[in-house]
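[1] predicted structure and sequence below. I'll ask about it afterward.
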Amino acid sequence: MALNNPQPDDPSRKQRFQWLTVAAIFFFALLGVRLWSLQIIYAEQYQLLSQKNRTRYIPIAAPRGPIFDRHGQLLVDNRPTFTVSVLRQEVIDKKILLQRLAIYLDNDWQQLESDWNKLLYYPRYRPIPLKSDIDRTLLEQLSENSVNLPGMLIEVQPMRSYPYHEVAAHLFGHIGAISEEELNLPQYRDYRAGNYIGKSGLEKHLEHYLKGISGEKLVEVDVKGKELRQLQVRAPLPGKSVFLTLDRDLQLHTEQAFGNQSGAAVVLDVNNGDILAMVSRPAFDPEMFARGITSNEWNNLVNNPDHPLQAKAISGQYPPGSTYKMVTALAALDAGVITPSTLIDCEGKIAIGNRDYRCWKERGHGLTNLNKALRESCDVWFYHVSLMVGIERMSAMARKLGLGRSYNLPLDNEQAGLIPVKSWKRKHYNTPWYKGQTANAAIGQGYVLATPLQLAVMTATIANGGTLYQPQLIKRIEDYTGNILKQASPIKLHESTLNQRNLSYVKHGMEEVVNHPRGTGKSSRLSGVIVAGKTGTAQVVRLKDDPEDGEKTGKEEEISYRHRDHALFVAYAPAQKPEIAVAVIVEHGQHGGSTAGPISRQILKHYFDNHQKTIGTKTTQQPLRSISNGESDV
Amino acid sequence: MFDRRLIANFDWTLLILILTAATIGIINLYSSTSSWDISSLPIYLKQLYWLGIGFSIALCLTIFNYRHLEHLAIIAYVSCVGLLIAVLFFGKTIMGATRWIDLGLFNIQPSEVMKVVIIITLATFLSRHESPQRYSLTELIAPGLLLAIPVLLIMKQPDLGTAILLLFIGITMVLFAGIRRSALIVLSLLASCAIIGGWFMLHGYQKDRIRTFLDPERAPLGSGYHIIQSKIAVGSGGFWGKGFMQGTQSQLSFLPERHTDFAFSVFAEEWGLLGCTLLLGLYLFIILWGILIARKADSSFGMYLAIGITAMFFWHIFVNLGMVIGLLPVVGVPLPLFSYGGTSMVTTMIGVGLLLNISMRRFIF
């Protein structure tokens, strides 16, 4: 026992107790200093981190702006859709969830997994969409079974909707999810992964107006990213409303008039350049892109030989064929090398250099003046005249009428066409210009290329007396409260410098094309309204060395479809007081008069049937007799 | 045999200090687990129940004279080492570590029992081998072995936290007993070598913890997550705290292990530096009171026993708080009376019972 007795007086033991006490206090002081550093010195920094931990800004997508026609008819809109998504943190067993979902979505679960893996770059709290736009039955099934599908989420999302599907598809273009590369571009700085952007057409070029400003909500989340309560909301602002110059009904009719044929048509208001209809056939349904196009659908579009994705009205460049003859005639008249009564004897061909240039009518037109040459599309007359006026003056006239240039419409891939001059050939081919090429150009073949839009502009310019208007597609842009942000007014690119007398000779010829018994464009004659027009044929393949209008008559059954010529028709009406101009091209349609003409007729008929009350009755009452005796000119 | 003076000498101060800390701990548990929707008994009630059991054990431990433990030391030590060996062969593996023996009714954690047993064993050894001279290197071999055997066995489980605690408790007791300067220098050198050598013996996850302690941002979502979230919780509490049940880090589950090892972070977030200082003061008071009990103990054995138990409390508190506030690497050490867990509560209350026992016999000769 004695050994165990403490020795309180032992000085070294006393000292050791003191050491122990000091050490304990020292270690606690260490903890205290550390706490002071965390909770006082760095408190603000940690408070910020804690705030960042628990709150999250969730973007609220802004509805994209709607697109209307000139009368306020809705063409493009948004509709609510239901999307099946997965919130990663809530998923208990990924494989089981995907396998179960695969049954409902009628998909392969490995496919779902690969869709999932593609979107792994999304922030953790952002749901991953697996299937968009599910129908109501599926929605109900999934909602009922959501207990068995932990992590699944059904989101309501606005989806771009195109109620008329293929109608004007090339104008609207399509939207799609922003790609990782696009996210890095400066113009998409405000965008986030998963946002939809315009990828082509108006959707792309008017993105700035259409996109709207997305809202935001500040939510409190737990560690799993689950939203617990909403702290703040900033409502999204819808995109701007765009009103086009398009007339919905006219556009619809124009699309229908094509039937199964491929091609393009442009309808212009001749007095201000408004584009009333612009059609490219075949087309696609932009909604396929809005909901996510399948690879099958995509392959069908890409592999279709008729190029449904191409906006032929502005990017298709065709030889204008005989529709170019107005250019040649006006150039010659303005240059004074001919008069309306200049007679040329058409024997079916002429020799230029060492080659024969043929007329489409093998036995010839006989003695022909300007009027007859236009009406019956005599090639030989134009060969002769072109040699007198020369390529430079012809091309200058073409430019005056609006050919050979781009109009910078808010669309993709608008082409400028080609109006050749000598210097151009020297520059591109380093060869001199030959006379035969002038003759070819005179009938819109050879190097000459024009888009349907340009042909419509040319026709409108002839119709209105020579004033070149900028073709316009957008009439006005309003914000969602109705404030007008942008109002288009007619833009004159240049005033008329044409001799009105000369112009009237050409216009008279165009009237006879349609209204004269021997006119090539009889098929587009309209009762009640005098139509002026011009047929054309654009060669697809050169079967012979020298291009001639309609030369292959009789052999066409043997020519395979892909090798058949394109048919063209340009027209304006009413002839006396023109309102609208039309350019139609039917690919592989062979003859302007027989395939393009009827389409033009349907367009004009619809226009005048529905505008009967608004247009002046004077023009429609003009008797046809006054011009149908044009034959007497010869 | 039972002396009335024992009741008169009962150490009410210690009891009140302990119960205050336990009460704060349970209130804190109430807050940190309030968002849990569990159908069974809430955590804070379970802790209250464990406190009841622990308290009963503590009171039972005051009835007999602690000196009898001296005679039990060797048997207890041998059987506990036996249990530790048994664990290695028959132990129940939970989350990669084999620490438990299934006794049918409940699981027993021999390493936890060893904490108390090693204190009793070393107290017995040190009190019997007291000499005016301090311990030389050769004299330290015996207590060194007594300590090293369980430490190595526990490390093997692996349970680094308990092993280190055991080591710290033993070292504290031996240092208190006194070591010659020459021996101290040699041992320090040996320890340095052991630390360097020990690095290579650590398990991957243990190395990871130390690496992430040195640089938590290295794995912000992996093993560094605990430290980062805990520091955010503590730091964002500021001076006044966010208020009871208002801690966003804990209430929204950003803080992991918030009812066990990181219980203090919840407290720090909700009560701020003010609350932390008071709690730290309370714990310091308990430690200093334990040292006082040792000083006033009626025998050398009692003194060493009290020192050992106080050291156990101290190292638990320091290692846990150091870990939670990013001073020390993450080792799974609970904060006595604060972290949820029956084992920790029972061990702590056994210590409290022994301290009360020593304290109430201070004037009896």
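    Ah, there it is.
[2] all strands of chain B, in order?
    B:92-94, B:97-102, B:107-108 (DSSP state E).
[3] a markdown table for those, including mean neighbour count and distance to chain A?
    Placement of C-beta: from N, CA and C, glycine included. What follows is the strands of chain B, written out as a markdown table (neighbours: other C-beta atoms under 10 Å in any protein chain shown; distance: least, C-beta to the nearest C-beta, whole Å):
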| stretch | mean neighbour count | distance to chain A |
| --- | --- | --- |
| strand B:92-94 | 11 | 22 |
| strand B:97-102 | 17 | 25 |
| strand B:107-108 | 16 | 28 |
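[4] can you list the low-confidence ranges for the stretch 501-634 of chain A?
    Using pLDDT under 70 as the threshold, the predicted model of the stretch 501-634 of chain A has low-confidence ranges A:541-559, A:612-634.
[5] before we move on, what about chain A?
    Where chain A drops to pLDDT under 70, the residues are A:1-9, A:123-125, A:223-226, A:541-559, A:612-634.
[6] what sits closest to A:Met458 if chain neighbours are left out?
    The spatial neighbour of A:Met458 that comes closest, neighbours along the chain excluded (C-beta to C-beta, 6 or more residues apart in numbering or on different chains), is A:Leu401 at 4.4 Å.
[7] so what's that neighbour up against?
    Contacts for A:Leu401 were tallied using C-beta atoms under 8 Å, 6 or more residues apart in numbering or on different chains; they are A:326-327, A:330, A:457-458, A:461-462, A:466, A:468.
[8] backbone dihedrals for it, both of them.
    Recorded main-chain torsions at A:Leu401 are phi -90, psi 0, according to degrees, to the nearest 10.
[9] chain B versus that one, what's the distance?
    Remark: distance between A:Leu401 and chain B (C-beta to the nearest C-beta, to the nearest Å) = 68 Å.
[10] okay if I get the strands of chain B as TSV plus mean pLDDT and distance to A:Tyr561?
    Formatted as TSV, the strands of chain B follow (pLDDT from 0 to 100; distance: least, C-beta to C-beta, whole Å):
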stretch	mean pLDDT	distance to A:Tyr561
strand B:92-94	72	78
strand B:97-102	74	79
strand B:107-108	75	85
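[11] dump those strands to CSV, plus distance to A:Ser146.
    Formatted as CSV, the entries for those read as follows, by distance: least, C-beta to C-beta, whole Å:
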stretch, distance to A:Ser146
strand B:92-94, 34
strand B:97-102, 38
strand B:107-108, 39
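[12] just give me the neighbour total for the residue of chain B found nearest chain A.
    Proximity of chain B to chain A (C-beta to the nearest C-beta) peaks at B:Gly235, 2.7 Å away. Burial of B:Gly235 is recorded as 29 neighbouring residues (other C-beta atoms under 10 Å in any protein chain shown).
[13] one more: the one 3 residues further on?
    Burial of B:Gly238 is recorded as 21 neighbouring residues (other C-beta under 10 Å).
[14] A:Val156 touches A:Pro80, doesn't it?
    Yes: with contact defined as C-beta atoms under 8 Å, A:Val156 and A:Pro80 form a contacting pair (5.5 Å).
[15] which one's more surrounded, those two?
    Set side by side, A:Val156 and A:Pro80 show unequal neighbour counts under other C-beta under 10 Å, the larger going to A:Pro80 at 11 against 8.
[16] quick one: contacts for the more buried one?
    In this structure, A:Pro80 makes contact with A:156-159, judged by C-beta under 8 Å, 6+ apart.
[17] those: which ones sit near chain B?
    Checking those against chain B by C-beta under 8 Å from any C-beta of the partner chain, not one of them is in range.
[18] and of those, the nearest to chain B?
    Proximity of the contacts of A:Pro80 to chain B, judged by C-beta to the nearest C-beta, is greatest for A:Val156, which lies at 26.1 Å.
[19] which secondary structure element contains the closest one?
    strand A:152-161 (DSSP states H and E).
[20] what's the following helix or strand after that strand?
    Along the chain past strand A:152-161, the next helix or strand (assigned with DSSP H and E) turns out to be helix A:169-172.
[21] from the chain's centroid, how far away is that following helix?
    For helix A:169-172, the gap between its own C-alpha mean and the chain's C-alpha mean amounts to 4 Å (C-alpha atoms, centre = their mean, to the nearest Å).
[22] what sits against residue 251?
    Reading this off chain A. Neighbour list for A:Gln251: A:69, A:167-168, A:276-279 [criterion: C-beta under 8 Å, 6+ apart].
[23] wait, chain B
    B:31, B:34-35, B:245.
[24] A:Leu418 versus that one, what's the distance?
    Going from B:Gln251 to A:Leu418 by C-beta to C-beta, to the nearest Å gives 72 Å.
[25] kindly report the same for A:Ala396.
    Distance check for A:Ala396 against A:Leu418: by C-beta to C-beta, it reads 15 Å.
[26] what residues are up against residue 167?
    No chain was given, so I picked chain A. Shown in contact with A:Val167 (C-beta under 8 Å, 6+ apart): A:75, A:251-252, A:255, A:283.
[27] nope, chain B
    B:147, B:151.
[28] give me the neighbour count for the closest residue to A:Asn464 other than its chain neighbours.
    The shortest distance from A:Asn464 to any residue that is not its chain neighbour, by C-beta to C-beta, 6+ apart, is 4.6 Å, and that residue is A:Val270. The criterion is other C-beta under 10 Å. On that basis, A:Val270 has 24 neighbouring residues.
[29] ramachandran angles for A:Val270?
    phi -70, psi -20.
[30] export the contacts of B:Gln251 to JSON lines and tack on pLDDT?
    Conversion of the contacts of B:Gln251 to JSON lines gives the following (pLDDT from 0 to 100):
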{"residue": "B:Ser31", "pLDDT": "90"}
{"residue": "B:Ser34", "pLDDT": "81"}
{"residue": "B:Ser35", "pLDDT": "72"}
{"residue": "B:Met245", "pLDDT": "87"}
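[31] and which of the residues you listed is nearest B:Asp298?
    B:Asp298 lies nearest to B:Ser31 out of the contacts of B:Gln251, by C-beta to C-beta, at 42.3 Å.
[32] what about the residue nearest to the closest one when sequence neighbours are not counted, how many residues nearby?
    Residue nearest to B:Ser31 in three dimensions, not counting chain neighbours: B:Met245, with 4.7 Å by C-beta to C-beta, 6+ apart. Burial of B:Met245 is recorded as 15 neighbouring residues (other C-beta under 10 Å).
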